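# One predicted model, sequence on top.
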Amino acid sequence: MDSPAVMEKVQALQARAVALGFDGFGIARPDIPAAVEKYQQWLRLEYAGEMAYMRRWEEKRSDLNHVLPGVQSVICLRKNYFTRERDMTFLEHPDEADISHYALNEDYHDVMLPRLKQLEDAVHQEFAGCNSKVYVDTGPVLEKPLAEQAGIGWIGKHSNLISEGIGSWYFLAEILLDVWLPENQPAVDRCGTCQDCIDICPTQAIVAPYVVDSRRCISYLTIELKGVIPIEFRRAMGNRIYGCDDCQIVCPWNSYAVQTEESAFYEQESTRRLIDLMRLDDKSFRERFRHSPIKRIKRRGLLRNVAVALGNSGSPEAVPPLIDALRDSEPLIRAHAVWALGELLQAKALPILREKLASETDDRVLEEIRTIEKMFDLSKGSDFSR
Ligand code: B12
Ligand code: SF4
Ligand code: SF4
């Protein structure tokens, strides 16, 4: 029932959300059966790759009563992270790292969660005795279809949520509660006949309109995947070392983006040179990325990605730091440095690899050397052809 008293409380919460720095607010019913069915289909098609958490919490994601018993409403929130023009010119600087726009400075989880909790406090003041749960990204909640139902935006063909006249450069968050609040009208799909995102995707990860196969997506390969990056995607990664924005860069709706007022999302001056990043030790990695989402992939994940990017750089300057990386204590980094040297030096990489890695024992590293040997048919008499 949209009683005036409830509407007043909702308006007060919306005003509080704006004061806390959220720029979109809407309410959805918690049951979204059509989206749940597609999510389960997505899981069955193995599109989640190694993201075990996407499977582990299937029951909760499929029915929010398992997250908050008696849940009746979901308050969905949007927070803009757009800070500067984002275009494809990063490809013209292959010796510099491309970092996805959302990760330029502070970790959004850390920025948003305290404010979400303050908004939750306000919810409890308005609805004394209610139960609630708050999430930003990491919870067992299908955030995009809920936000679509709440009228925040529609799920575009690249599968990100887009708002009319605003674009898609924003994060989502939500408050689940066991109080009935009047829902908003769902957003309407405005993609029309456009399919620019599908055409630009460097790895053809958008396997059908609205469907992303994570295993092909550079965002997954550089952030979520813990192990060796499949060879077939390494060249396509180019200089993208943390996430990928291509499908959003080309989206015409993002021409409406306005800069966020959130200073925590603006980039600080720091080197983007791949050869400098390749030389980060544990201490300097921790210092530089202490507050950044990049800390999640740890030094070994970042330098794995940087090695691939250096392999794609075509730059002779990349060779010395990659040779040094063959001595790194992390086999994952050594393995990708081997590949990168093969890309830069072709068969000439082999004498260097044989010398520097004469006592290598890690299977992943040995496999990379064997691949180069096979490529140049130089495996005869090799120490690595066990
Ligand atoms: C897992 C995950 C990923 C995975 C999988 C991406 C994906 N498309 O699901 C990976 C690692 C690849 C990823 C990448 C990115 N992510 Co992410 N990710 C998530 C997470 C944790 C879960 C999303 C999810 O439920 N996926 C499961 C699938 C089933 O969901 P879906 O894509 O929404 O699927 C819908 C459509 O596919 C649709 N569908 C329609 N027709 C059909 C037909 C068939 C046959 C099928 C199977 C499905 C289908 O059904 C589904 C339900 O509506 C959410 C946070 C959250 N808790 O929700 C953030 C989230 C979606 N990510 C976010 C961001 C910012 C990104 C990146 C932009 C980061 C970057 N720059 O690198 C990229 C974008 C890549 C892309 N094109 O999607 C934001 C998106 C904000 C927004 N504006 O939409 C979120 C919401 C985090 C947040 N709180 O802000 N992400
Ligand atoms: S984030 Fe990049 S790789 Fe992933 S779907 Fe979009 S364009 Fe493709
Ligand atoms: S690029 Fe085109 S098809 Fe893709 S999400 Fe944007 S409007 Fe939709």
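Cool, got the structure. Residues are numbered from 1 along each chain as shown. Ligands and ions are numbered 1, 2, ... in the order given.
# Now name the helix or strand holding residue 79.
Taking DSSP states H and E as the definition, residue 79 sits inside strand 73-80.
# where does whichever residue of the stretch 51-200 of the chain sits closest to ligand 2 land in three-state SS?
Ligand 2 sits closest to residue 158 of the stretch 51-200 of the chain, with a gap of 5.5 Å, by C-beta to the nearest ligand atom. C-beta: built from backbone N, CA, C; applies to glycine. Taking DSSP: H, G, I helix; E, B strand; the rest coil as the rule, one finds residue 158 in the coil state.
# cool, the one 4 residues further on as well?
Three-state secondary structure (criterion: three-state DSSP) places residue 162 in strand.
# which residues does it contact?
Contacts for residue 162 (C-beta atoms under 8 Å, 6 or more residues apart in numbering) come out as 153, 154, 155, 156, 168, 190, 191, 251, 253.
# check contacts around the fourth one.
So that's residue 156. Residue 156 sits in contact with 162, 168, 189, 191, 197, 210, 251, 253, where contact means C-beta under 8 Å, 6+ apart.
# Strands of the stretch 1-150 of the chain, residue ranges please.
Using DSSP state E, counting those that start in this stretch, the strands of the stretch 1-150 of the chain run over 24-28, 73-80, 98-99, 132-135.
# for the one helix or strand residue 301 maps to, packing partners?
Secondary structure assignment for residue 301, by DSSP H and E: helix 298-313. Counting contacts by 3 or more C-beta pairs under 8 Å, 6 or more residues apart in numbering; DSSP states H and E, helix 298-313 is packed against helix 231-237, strand 240-242, helix 274-277, helix 282-289, helix 319-325, helix 331-345.
# Could you restrict the contacts of residue 156 to the ones contacting ligand 3?
Checking these against ligand 3 by C-beta under 6 Å from any ligand atom, the ones in range are 162, 191, 197, 251, 253.
# In helices, which of these appear?
Residues of these located in helices (DSSP state H): residue 197.
# Correct me if wrong: the residue of the stretch 51-200 of the chain closest to ligand 2 contacts residue 199.
No. The criterion here is C-beta atoms under 8 Å, and residue 158 misses it with residue 199 at 10.9 Å.
# do you know how far the residue in the stretch 151-300 of the chain that ligand 1 sits nearest to is from residue 200?
Nearest residue of the stretch 151-300 of the chain to ligand 1: residue 243, at 2.7 Å (C-beta to the nearest ligand atom). Using C-beta to C-beta, to the nearest Å, one obtains 15 Å as the distance from residue 243 to residue 200.
# the more surrounded of those two?
Shown here are residue 243 and residue 200; by other C-beta atoms under 10 Å, residue 243 has more neighbours (21 against 16).
# If you tally nearby residues, what's the number for residue 356?
Applying other C-beta under 10 Å, I find that residue 356 has 18 neighbouring residues.
# can you pull the pLDDT of residue 383?
As predicted, residue 383 sits at a pLDDT of 67.
# picking that back up, quick one: which of the contacts of residue 162 is nearest residue 239?
Comparing the contacts of residue 162 against residue 239 with C-beta to C-beta places residue 251 closest, at 21.0 Å.
# Phi first, then psi, for that closest one.
Backbone geometry at residue 251, expressed as degrees, to the nearest 10, gives phi -70, psi 120.
# repeat for residue 170
Main-chain torsions, residue 170, degrees, to the nearest 10: phi -150, psi 160.
# and it, what pLDDT?
pLDDT at residue 170 comes out at 98.
# Would you check how far apart it and ligand 3 are?
14 Å (C-beta to the nearest ligand atom, to the nearest Å).
# cool, and residue 29?
To ligand 3, residue 29 is 25 Å away according to C-beta to the nearest ligand atom.
# Which helix or strand contains the nearest residue to that residue once chain neighbours are set aside?
Counting by C-beta to C-beta, 6 or more residues apart in numbering, residue 183 is the residue found nearest to residue 29 once chain neighbours are left out, at 5.4 Å. According to DSSP H and E, residue 183 maps onto no helix or strand at all.
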